[in-house]
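J.: For reference, the sequence and a predicted model appear below.
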2 protein chains.
Amino acid sequence: MIGRINHVAIAVPDVEAAARQWETGLCAVCSLPQSLPDHGVRVVFVDQPNAKVELMEPLGGNSPIAAFLDRNPAGGMHHICYEVADIRAARDHLVASGARVLGDGEPMSGAHGTPVLFLHPKDFYGTLIELEEVRD
Amino acid sequence: MIGRINHVAIAVPDVEAAARQWETGLCAVCSLPQSLPDHGVRVVFVDQPNAKVELMEPLGGNSPIAAFLDRNPAGGMHHICYEVADIRAARDHLVASGARVLGDGEPMSGAHGTPVLFLHPKDFYGTLIELEEVRD
């Protein structure tokens, strides 16, 4: 079911400062910051040849990463995103297997404009997993 | 400097149970568990087409992931590994930029038998970064 690893998301308190560190220390190529108010984050994409890191800073009063940064003020790895070909079929399989989908269980439009779901980290050993539908 | 994302490592209390969950819930293909006593972990590799997740359980009395699991008993994302072509050149650049390398700063043999280094998570916004030398 799961296909490629699409990205690893890292929550940080200051996305420009974090991008500078990836650029300066690791010679990474970072995108300009983008504000995604519908998702409550500002992001910088750090593309590697096979997958990317997304540095994310909270945006607005109801950011979904605010609680994580309250617990981890310096930042930290927030989630991993796997691509799936059919997100509803993936969801149905997961639910049948006993795993919990966050929210109302319906895919929402993710940061890349594609349907996404998040799985309960308690069902995956403390790791928050995003599934993103990427059709060939 | 950094190239491909080689793997994302997830620390778990029970690597067989975690592998079953990746298999059952996500239809992932998992390796058999491998004990790496020199590295203080038992690992299961979960290969995707572009990169892999490594599920790791502590092994022995001095496991480098024991303290992480004390803080996160359910498990969690532990580090991300970037490939570099020349690990000593990467280290020298990082040190010159002000970033700290863990241990004595000399590359050690990693879980894949290649030279690796770990960077201080305080220099990368709470994310532990491994560099692995992978020559073309």
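T.: Nice, thanks for sending it over.
J.: Check which helices and strands the strand or helix carrying residue A:10 is in contact with.
T.: Using DSSP states H and E, residue A:10 maps to strand A:5-11. With contacts taken as 3 or more CB pairs under 8 Å, 6 or more residues apart in numbering or on different chains; DSSP states H and E, strand A:5-11 sits against strand A:52-58, strand A:76-84, strand A:129-133, strand B:5-11. Backbone N, C-alpha and C define where each C-beta goes, glycine included.
J.: right, and the helix or strand after the last one?
T.: Spelled out, that is strand B:5-11. As assigned by DSSP H and E, the chain's next helix or strand after strand B:5-11 is helix B:15-26.
J.: Same question for the first one.
T.: Remark: after strand A:52-58, the chain's next helix or strand is helix A:66-71, criterion DSSP H and E.
J.: Need the residues that contact that following helix.
T.: Residues from elsewhere that reach helix A:66-71 (CB atoms under 8 Å, 6 or more residues apart in numbering or on different chains): A:11, A:13, A:40, A:58, A:75, A:76, A:78.
J.: Next: stretch A:43-52.
T.: A:4-8, A:15-16, A:18-19, A:22, A:28-34, A:36, A:53-57, A:111, B:2-5, B:50-51, B:82.
J.: How far does it stretch from one end to the other?
T.: In stretch A:43-52, first residue to last residue: 12 Å (CA to CA, to the nearest Å).
J.: Ok, stretch A:1-15 next?
T.: 32 Å.
J.: how much space between the residue lying closest to residue A:120 once chain neighbours are set aside and residue B:18?
T.: Excluding its sequence neighbours, the residue lying closest to residue A:120 (CB to CB, 6 or more residues apart in numbering or on different chains) is residue A:100, at 3.9 Å. Residue A:100 sits at a distance of 16 Å from residue B:18 (criterion: CB to CB, to the nearest Å).
J.: Looking at these two, which has the bigger crowd around it?
T.: Set residue A:100 next to residue B:18 and count neighbours by other CB atoms under 10 Å in any protein chain shown: residue B:18 wins out with 26 against 14.
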